[in-house]
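J.: The amino acid sequence is not available; the structure is as follows:
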Ligand SMILES: Nc1ncnc2c1ncn2[C@@H]1O[C@H](COP(=O)(O)OP(=O)(O)OP(=O)(O)O)[C@@H](O)[C@H]1O
């Protein structure tokens, strides 16, 4: 990086097409005119922070720039321009979501092992430096032309605040959220990234998201239906969490029910990463040392991993023609469980989904949760229920969710 006036750095980049829009703003493809390299520039709306990026944010960005590892996306530059902060990253060809969704791609057990190992290796480096990701999901795991998987969007949640829930695509982030976050914990640690990595591991095995909750309450219902309702002995601190509500006990079905083709080692590792109590949950380092990674088949060499066919990029042929949107932003391409399926007034849809079968104003019987059991096969399992004593607490939580969505 040079010592030039940061606001002038924009001249170093030749802007090309829009790559997509995420939680924090638009991402452009660009050419670094000094090196000739292709880069991706994330333009972050500073929004209400009229005074610009605060000192803490700048310090955090400096920290991210220093995080250099083969499994972490490199932040090569950062500069303000027209009230937006521009973060310059190395350009990546595709991402893990595209790999998982591509029906032409066959993922062998060794390929899955390689992708999840690279994910954990990137996480390990960050956790060693006390940086949490907090927003791990397959489309934040970018893949380069050499097959290397790299974690993206690291630490952005801490710098720019938690992703804004009013953006529809945030419904997907919920699927990777650890139970302590869903119960409203304020003091969370590296375990939230391990839970999310376990969800990604499960998604690689299934080729679809594992736990697709339609609201935070429903997400917990899905988790409990898969792993059994946590007991006090399994997770002693659970009852003290701010948004804790008691769910009727349901036992855990065997994990193999959901992953019939997975190896015993894969299931053992998965169960240790999906441990309820964050204090007992595997750390990233423990996960990397698990025998799953040293037993046959060994992880595929990244260069030999299957990847989607490169997309043709229209503006590559004519860079003079301003930014061109080549495809809808990723989130609209993904199947939307809530809003897109119902259309119309999105807030109404959100309310309808979140409330589901719960009769908040109803009588005192235990109330069945709205849980979509379709992911577990056609036969519904016993449904977790919420005790009536917690009804008002639940109503308050749902109201809070609605407020978030209506903002
Ligand atoms: N370094 C990069 N190289 C190439 N494409 C990138 C890079 N970073 C982001 N993109 C692409 O830009 C688009 C927007 O990315 P961004 O990270 O802002 O949002 P997202 O990951 O899609 O969603 P979210 O913000 O919810 O995580 C995506 O299509 C993403 O694949």
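T.: All right, it came through fine. Predicted model, so just to flag it, every value in this text is computed and none were measured.
J.: Now do whatever residue of the chain ends up closest to the ligand: how many residues are near it, please.
T.: Closest to the ligand within the chain is residue 22: 1.9 Å, counting by Cβ to the nearest ligand atom. The C-beta positions use only the backbone N, C-alpha and C, and glycine is treated the same way. Other residues lying near residue 22 total 22 when counted by other Cβ atoms under 10 Å.
J.: how near is it to residue 90?
T.: Separation of residue 22 from residue 90 (Cβ to Cβ, to the nearest Å) stands at 17 Å.
J.: quick one: average confidence on stretch 149-167?
T.: The predicted model assigns stretch 149-167 a mean pLDDT of 64.
J.: next one: phi and psi at the residue of the chain closest to the ligand?
T.: Residue 22 adopts backbone torsions of phi -120, psi -160, taken as degrees, to the nearest 10.
J.: Likewise for residue 87?
T.: Backbone torsions of residue 87, given as degrees, to the nearest 10, read phi -110, psi 130.
J.: Enumerate every residue touching the residue nearest to it when sequence neighbours are not counted.
T.: Sequence neighbours aside, residue 42 is the residue nearest to residue 87 in space, at 4.5 Å (criterion: Cβ to Cβ, 6 or more residues apart in numbering). Neighbouring residues of residue 42 by Cβ atoms under 8 Å, 6 or more residues apart in numbering: 22, 24, 25, 26, 27, 86, 87, 89.
J.: Where do the helices of the stretch 51-200 of the chain begin and end?
T.: In the stretch 51-200 of the chain, helices defined by DSSP state H, counting those that start in this stretch lie at 55-66, 96-101, 109-128, 156-160, 170-174, 179-182, 191-206, listed in chain order.
J.: Going by mean pLDDT, which of the ones you listed comes out lowest?
T.: Among the helices of the stretch 51-200 of the chain, helix 156-160 scores lowest, at a mean of 62.
J.: what about the residue nearest to residue 90 when sequence neighbours are not counted, how many neighbours?
T.: Nearest non-adjacent residue to residue 90, counting by Cβ to Cβ, 6+ apart: residue 74, 4.7 Å away. Neighbour count for residue 74, taken as other Cβ under 10 Å: 16.
J.: Against residue 151, how distant is residue 74?
T.: 11 Å.
J.: same question, residue 121
T.: Separation of residue 121 from residue 151 (Cβ to Cβ): 9 Å.
J.: Repeat that for residue 222.
T.: 25 Å.
J.: just residue 258 next, same as before
T.: Taken as Cβ to Cβ, the span from residue 258 to residue 151 is 26 Å.
J.: Which residue of those two possesses the greater neighbour count?
T.: Neighbour count, other Cβ under 10 Å: between residue 258 and residue 151, residue 151 has more, with 23 against 20.
J.: isn't that one right next to residue 75, touching?
T.: No. The criterion here is Cβ atoms under 8 Å, and residue 151 misses it with residue 75 at 11.6 Å.
J.: can you list the residues of this protein near the ligand?
T.: Residues of the chain that fall close to the ligand, judged by Cβ under 6 Å from any ligand atom: 19-23, 27, 40, 42, 73, 89, 91-92, 95, 135, 139-140, 142, 152-153, 169, 330.
J.: one more time with 5 Å
T.: For the chain, the residues in contact with the ligand (Cβ under 5 Å from any ligand atom) are 19, 20, 22, 23, 27, 40, 89, 91, 92, 139, 330.
J.: Of those, which belong to strands?
T.: If you go by DSSP state E, the residues of the chain next to the ligand have 19, 20, 27, 40, 89 in strands.
J.: got the residues you listed as CSV, with neighbour count and pLDDT columns?
T.: CSV is the format used below for those (neighbours: other Cβ atoms under 10 Å; pLDDT from 0 to 100):
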residue, neighbour count, pLDDT
19, 23, 94
20, 19, 91
27, 20, 93
40, 20, 96
89, 20, 94
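J.: which of these sit farthest apart?
T.: Maximum pairwise distance among these (Cβ to Cβ): 13.1 Å, between 20 and 89.
J.: contacting residues around stretch 294-314?
T.: 17, 29, 93-94, 98-99, 102, 104-111, 113-115, 117-118, 143, 146-149, 263, 265, 293, 324, 326-327.
J.: what helix or strand is the residue nearest to residue 87 on?
T.: Under the criterion of DSSP states H and E, residue 42 resides in strand 38-45.
J.: Given that strand, what are its sheet partners and their directions?
T.: When pairs are called by DSSP bridges, strand 38-45 turns out to pair with strand 25-32 (antiparallel), strand 84-90 (antiparallel).
J.: Please point out which parts of it sit buried.
T.: 39, 40, 41, 42, 43, 44 (16 or more other Cβ atoms under 10 Å).
J.: Which of these sits closest to residue 240?
T.: Closest approach to residue 240 among these (Cβ to Cβ): residue 44, at 35.7 Å.
J.: ok, now which ones touch that closest one?
T.: Listed by Cβ under 8 Å, 6+ apart, the contact set of residue 44 reads 24, 25, 84, 85, 86, 87, 160.
J.: what pairs with it across the strands?
T.: Applying DSSP bridges, one finds that residue 44 bridges with residue 25, residue 85.
J.: what sits against residue 41?
T.: Neighbouring residues of residue 41 by Cβ under 8 Å, 6+ apart: 13, 15, 27, 28, 29, 30, 86, 87, 88, 89.
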